[in-house]
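Student: Test case, fold it:
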Amino acid sequence: MLPTKEQLIQHLTDKMTNKDIAIIYETTFQKIIQLIKKNDLNPIELRKVNRFIVYEHWYNGKVFLLEAVFGIDAEDILIEETRNMFI
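Tutor: I've put the predicted structure just below:
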């Protein structure tokens with residue numbers, strides 16, 4: 001039995017690879033790719049983590065810089081944008 005659209009969305013949101021999904025449903029990863037295309041899903045967007053990290057930089061007991069890092073992808077590799085706020 002193959003995964004439903006909702007199941008595919010859940011697996012992709014859980015950051016599973018096409019190979020891992022295929023193993024669960026005893027099929028090939030090529031078939032999973034076909035299902036993703038058939039259901040018009042965007043695996044890159046579904047696997048993306050929407051979060052940001054804020055760093056506080058202290059000097060002499062006071063915060064002098066807040067740095068917010070946005071757009072970190074699922075593997076924590078790509079940093080798209082950094083915003084600095086001097087205090």
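Student: quick one: buried residues of stretch 22-37?
Tutor: A22, Y25, T27, I32, L35, I36 (16 or more other Cβ atoms under 10 Å). Where C-beta positions appear, they are placed from N, C-alpha and C, glycine not excepted.
Student: That one spans what distance, first to last residue?
Tutor: 15 Å (Cα to Cα, to the nearest Å).
Student: Which residues does it contact?
Tutor: M1, L2, P3, L8, H11, L12, T17, N18, K19, I21, P43 (Cβ atoms under 8 Å, 6 or more residues apart in numbering).
Student: for that stretch, what is the average pLDDT?
Tutor: Stretch 22-37 carries an average pLDDT of 94.
Student: Need the buried ones from the contacts of stretch 22-37 selected in PyMOL.
Tutor: Command for PyMOL that selects the buried part of those, burial taken from 16+ other Cβ under 10 Å:
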select buried, resi 3+8+11+12+18+21+43
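Student: can I get the contacts of stretch 22-37 in TSV with distance to V63 and secondary structure?
Tutor: Shown next, in TSV, are the contacts of stretch 22-37 (distance: Cβ to Cβ, whole Å; DSSP: H, G, I helix; E, B strand; the rest coil):
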residue	distance to V63	secondary structure
M1	55	coil
L2	53	coil
P3	48	coil
L8	44	helix
H11	41	helix
L12	38	helix
T17	41	coil
N18	44	helix
K19	45	helix
I21	44	helix
P43	39	helix
